[in-house]
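Asks: just need the structure, nothing else, for what follows:
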Amino acid sequence: MKIGFIGIGNMGGAILSGYAASGNADGHQLMAFDMNEELCERMQRQIPQLEICENGSELCKAADLVILGVKPQVIEGVLQEIAPVYDTSKTIVSMAAGVDMAVIEKFLGSDAKVIRIMPNTPAKVGEAMIAACRNANTMPAVFNAAMGIFESIGMAKEVDESLIDCVIGVSGSSPAYTYMYIEALTDAAEANGMERAKARIFAAQAVLGAAKMVLESPETLEQLRINVCSPNGTTIEAVNKLFENGFMDKVKEGFQAAVDRSIEMAEEKRRG
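Replies: The predicted structure follows:
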């Protein structure tokens, strides 16, 4: 399979480099194009077998699977560029927030093969959570091959496109909320006398360990929390204070704000 990446910045570059490093790319031809020539050169040094294309049109013409790692505000220009060379032997993968598959079909045709994904920035360290959906034209074998690419940099699950806005709230944007939580713990530890760099490690490792327990334990989230709370102990005191201050409700409000904005962006794109 010939796999091309148009846009190899933060997210596109993370997927490309992670896939190449996983060993799963062996036997496939990798191609890339980005307006940033320096970025292309740096990526080619990292991945010697990577072929750099002159433009998006050249890449789309040659590739079987085209992964668009471009931002929502420029994706329409990219789709206009590749439309003349696109044919239904090719599958397009988009990660642009607020751009649903119908918008891509509008540019490439109702028979276009389209996969839409919603990744997150932990892709850079091989711990992405990627949601993927496909239109009715996309062949299962191609979709499974694409999922193999995404799973090389973390975890990937298929969802219905109607859930993409929800995915943005729960995993796409949520690393930012988690960084805020770690930052608050770090600030508090520093205020209590711990060196900031060390406090950051303590807080981050605690979050990493807690997340791993969630993924590996059959117990409910409530039970996992209860397990840490001894009667009249330190943890129950902290947990009660967080409940008192509406901690969980505030997180849910943040989640909903991200979801609502995603819906707004999609509606703006459709009207545009």
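
Asks: and the pLDDT at the nearest residue to Tyr177 once chain neighbours are set aside?
Replies: Of all residues not flanking Tyr177 in the chain, Gly254 sits nearest, at 5.7 Å (Cβ to Cβ, 6 or more residues apart in numbering). Using the backbone N, CA and C atoms, a C-beta is placed for each residue, glycine as well. For Gly254, the model assigns a pLDDT of 97.

Asks: pretty sure Gly254 is in a helix, no?
Replies: Yes. Under DSSP: H, G, I helix; E, B strand; the rest coil, Gly254 sits within a helix.

Asks: pretty sure it is touching Tyr181, no?
Replies: No. Between Gly254 and Tyr181 there is no contact under Cβ atoms under 8 Å: 11.0 Å.

Asks: coming back round to it: measure how buried the residue nearest to Tyr177 is and give me the count.
Replies: Residues within reach of Gly254, counting by other Cβ atoms under 10 Å, total 16.

Asks: Ile201 versus that one, what's the distance?
Replies: Computed as Cβ to Cβ, to the nearest Å, the Gly254 to Ile201 distance reads 25 Å.

Asks: what's the answer for Gly7, then?
Replies: Counting by Cβ to Cβ, the gap from Gly7 to Ile201 is 33 Å.

Asks: of these two, who's got more company?
Replies: Set side by side, Gly7 and Ile201 show more neighbours around Gly7, with 26 against 11, by other Cβ under 10 Å.

Asks: excluding chain neighbours, what is closest to the more buried one?
Replies: Per Cβ to Cβ, 6+ apart, closest to Gly7 is Gly69, 3.5 Å.

Asks: got the phi and psi for that neighbour?
Replies: phi -100, psi 40 (degrees, to the nearest 10).

Asks: my guess is it meets Gly4, correct?
Replies: No. Gly69 lies out of contact with Gly4 (Cβ under 8 Å); the separation is 10.5 Å.

Asks: how close does the closest residue in space to Gly154 that isn't next to it in sequence get to Ile115?
Replies: Using Cβ to Cβ, 6+ apart and skipping the chain neighbours, the partner closest in space to Gly154 is Ala128 (3.2 Å). Between Ala128 and Ile115 the computed distance is 15 Å (Cβ to Cβ).
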